[in-house]
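**Student:** Here is a sequence with its predicted model. Questions after.
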Amino acid sequence: MAPAAAMLRRAHFPSFHPSTGRRPRGSADRVSLLLPATSPPRVSWQQGSGVATRGRVWANVSSPFEPDGAGEEDSLSPSPQVLEHSKVDFLKILKSANTVIPHVVLGSTILALVYPPSFTWFTTRYYAPALGFLMFAVGVNSSVEDFIEAIKRPDAIAAGYIGQFIAKPFFGFLFGTLAVATFNLPTAVGAGVMLVSCVSGAQLSNYATFLTDPHMAPLSIVMTSLSTATAVFVTPTLSYLLIGKKLPVDIIGMMSSIVQIVVAPIAAGLLLNRFLPRLCSAIQPFLPPLSVFVTALCVGSPLAINIKAVLSPYGLSIVLLLLAFHTTSFVAGYHLAGTWFRKSDDVKALQRTISFETGMQSSLLALALANRFFPDPLVGVPPAVSVVLMSLMGFGLVMVWSKRT
């Protein structure tokens, strides 16, 4: 019994007197095989069979019978109460980010319009590291098992792909045609609207899903990664069909971008979470506010850099067209998932996830393609406006939906 008892973590000590704060001399430590009624539950981020609490955090009660390490290591490791307290603090910070980020995005938009130099220093070369940081923040709060479970849902991945490369291009063609035929805008503006609808999903959609439904973030990342990987073939094809211009997309460059922006940061976060949990717990409280700041830069910079084109005589019409485009995309993704997964237990979470995936796309990629392959600068105006609108609408939905979950 002695070796077996040594393998068990002490659940509680009946001989300990809280009133005195010390153990009577000569009393032996006894291990209870009953779960103490006062043992606090530990909060777990992993999806499991627990109860979904507010903020979509899955909580379960872990057993007190866990293997003990060496005495010195156990004395250096944080107590369960400390770990629980740090995780709860991180949840509070994350929930505050849900509320703050839409206002920060709106503030960055106004600041970019009023004083563009506040964002023009954040040039396009910083976009990839910034988006990579957001993916690192998601990876730190995920596990390998979460991604394995996400891959096991091909129906949800297929629904997101259909919303991304079938529903959204249809709306892009519709509103791009209306821009020229109804609003009498230049053909270049219509081409810009269509180009926005041809690109892959945005990494900001992954972060929006993470803020609303953390356990769905790996599924969102898989959806975005698949659409980005296949965009090297799909985007040129769609642009040729919708716009009539074949884009010579750099396949090697785009695959390299996927590794730099998505794969490497998420892998680093997962490894940190797995092998250095104490360091991971130490940096977690700083990730939400830093992520809000990085998101504000990603929104304000494209608007500030393209401020002259946005404030052109066509600016208001472009804003209205893209507002309608993104609204229909968000709604289409939401109802597509609602119809497809109406019998699923997590239908609401899937609706929110696929809505983000359909309504938010890589407008920065569309802007880069417009500046590189189209001689008319007006083609780049819709992508620049799209970055702002999709961020305002997407993170506005984050604030609304996170209060309901």
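**Tutor:** Ah, there it is. Numbers count the residues shown, from 1 in each chain.
**Student:** which ones are touching residue 340?
**Tutor:** Contacts for residue 340 (C-beta atoms under 8 Å, 6 or more residues apart in numbering) come out as 155, 159. Every C-beta, even on glycine, is put in place using the N, C-alpha and C of the backbone.
**Student:** Tell me, what's the model's pLDDT at it?
**Tutor:** Confidence at residue 340, expressed as pLDDT, is 93.
**Student:** What of the one 5 residues further on?
**Tutor:** Looking at residue 345, its pLDDT stands at 88.
**Student:** pLDDT score assigned to the spatially closest residue to residue 137 that is not a sequence neighbour?
**Tutor:** Distances taken as C-beta to C-beta, 6 or more residues apart in numbering place residue 287 nearest to residue 137, at 4.5 Å, with adjacent residues excluded. You'll see residue 287 listed with a pLDDT of 84.
**Student:** On the three-state scheme, residue 287 is what?
**Tutor:** Here residue 287 is recorded as helix under DSSP: H, G, I helix; E, B strand; the rest coil.
**Student:** same deal with residue 183?
**Tutor:** Quick answer, by three-state DSSP: residue 183 is coil.
**Student:** For residue 354, see how far away it is.
**Tutor:** Distance, residue 183 to residue 354, using C-beta to C-beta, to the nearest Å: 30 Å.
**Student:** And these two? Which one has more around it.
**Tutor:** Each of residue 183 and residue 354 has its neighbours counted (other C-beta atoms under 10 Å); residue 354 has more, 34 against 15.
**Student:** I'd say the more buried one and residue 334 touch.
**Tutor:** Yes - taking C-beta atoms under 8 Å as the definition, residue 354 is a contact partner of residue 334 at 7.2 Å.
**Student:** Now the common contact residues for these two.
**Tutor:** Common neighbours of residue 354 and residue 334 (C-beta under 8 Å, 6+ apart) do not exist.
**Student:** Buried residues, stretch 363-371. List them.
**Tutor:** By 16 or more other C-beta atoms under 10 Å, the buried positions in stretch 363-371 come out as 363-370.
**Student:** quick one: average confidence on it?
**Tutor:** Mean pLDDT, stretch 363-371: 81.
**Student:** now stretch 101-110
**Tutor:** On average, stretch 101-110 scores 86.
**Student:** try stretch 393-405
**Tutor:** pLDDT averaged over stretch 393-405 gives 84.
**Student:** Likewise for stretch 224-239?
**Tutor:** pLDDT averaged over stretch 224-239 gives 82.
**Student:** The helix or strand hosting residue 174: what's the following helix or strand?
**Tutor:** Per DSSP states H and E: residue 174 is located in helix 168-181. Next along the chain after helix 168-181, taking DSSP H and E as the criterion, comes helix 187-198.
**Student:** same for the next helix or strand after that following helix, what does it pack against?
**Tutor:** Scanning forward in sequence from helix 187-198 by DSSP H and E, the next helix or strand is helix 203-212. Here helix 203-212 touches helix 80-114, helix 127-140, helix 217-242, helix 287-305, helix 347-359, helix 381-404, going by 3 or more C-beta pairs under 8 Å, 6 or more residues apart in numbering; DSSP states H and E.
**Student:** so where's the stretch 51-200 of the chain shaky on pLDDT?
**Tutor:** 51-99 (pLDDT under 70).
**Student:** circling back: in contact with the residue nearest to residue 137: list those residues for me.
**Tutor:** Going by C-beta under 8 Å, 6+ apart, residue 287 touches 137, 140-141.
**Student:** Type out the ChimeraX command that picks the buried ones from the residues you listed.
**Tutor:** The ChimeraX selection below is limited to those of the contacts of residue 287 classed as buried (16+ other C-beta under 10 Å):
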select :137,140,141
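**Student:** just checking, what packs against the helix or strand containing residue 148?
**Tutor:** Using DSSP H and E, residue 148 sits within helix 144-151. Under the contact definition 3+ C-beta pairs under 8 Å, 6+ apart, helix 144-151 sits against helix 217-242.
**Student:** how far is the helix it packs on from where the chain is centred?
**Tutor:** Chain-centre distance of helix 217-242: 17 Å, with C-alpha atoms, centre = their mean, to the nearest Å.
**Student:** Present the buried residues of stretch 363-371 as CSV; the columns should include distance to residue 399 and secondary structure.
**Tutor:** Shown next, in CSV, are the buried residues of stretch 363-371 (distance: C-beta to C-beta, whole Å; DSSP: H, G, I helix; E, B strand; the rest coil):
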residue, distance to residue 399, secondary structure
363, 21, helix
364, 23, helix
365, 26, helix
366, 26, helix
367, 26, helix
368, 29, helix
369, 31, helix
370, 30, helix
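**Student:** Of these, just say which sits nearest to residue 150.
**Tutor:** Residue 150 lies nearest to residue 365 out of the buried residues of stretch 363-371, by C-beta to C-beta, at 23.1 Å.
**Student:** What's the separation between the closest residue in space to the closest one that isn't next to it in sequence and residue 386?
**Tutor:** Nearest residue to residue 365, sequence neighbours excluded (C-beta to C-beta, 6+ apart): residue 199, at 4.8 Å. Taking C-beta to C-beta as the measure, residue 199 and residue 386 are separated by 10 Å.
**Student:** what is in contact with the two at once?
**Tutor:** 361, 363, 366.
**Student:** The second one contacts residue 198, correct?
**Tutor:** This means residue 363. No - counting by C-beta under 8 Å, residue 363 stays clear of residue 198, with 11.1 Å between them.
**Student:** just to revisit the earlier point, the residue nearest to residue 365 and residue 368 touch, don't they?
**Tutor:** No - Residue 199 is not in contact with residue 368 according to C-beta under 8 Å; the separation is 9.5 Å.
**Student:** Nothing else from me, thank you.
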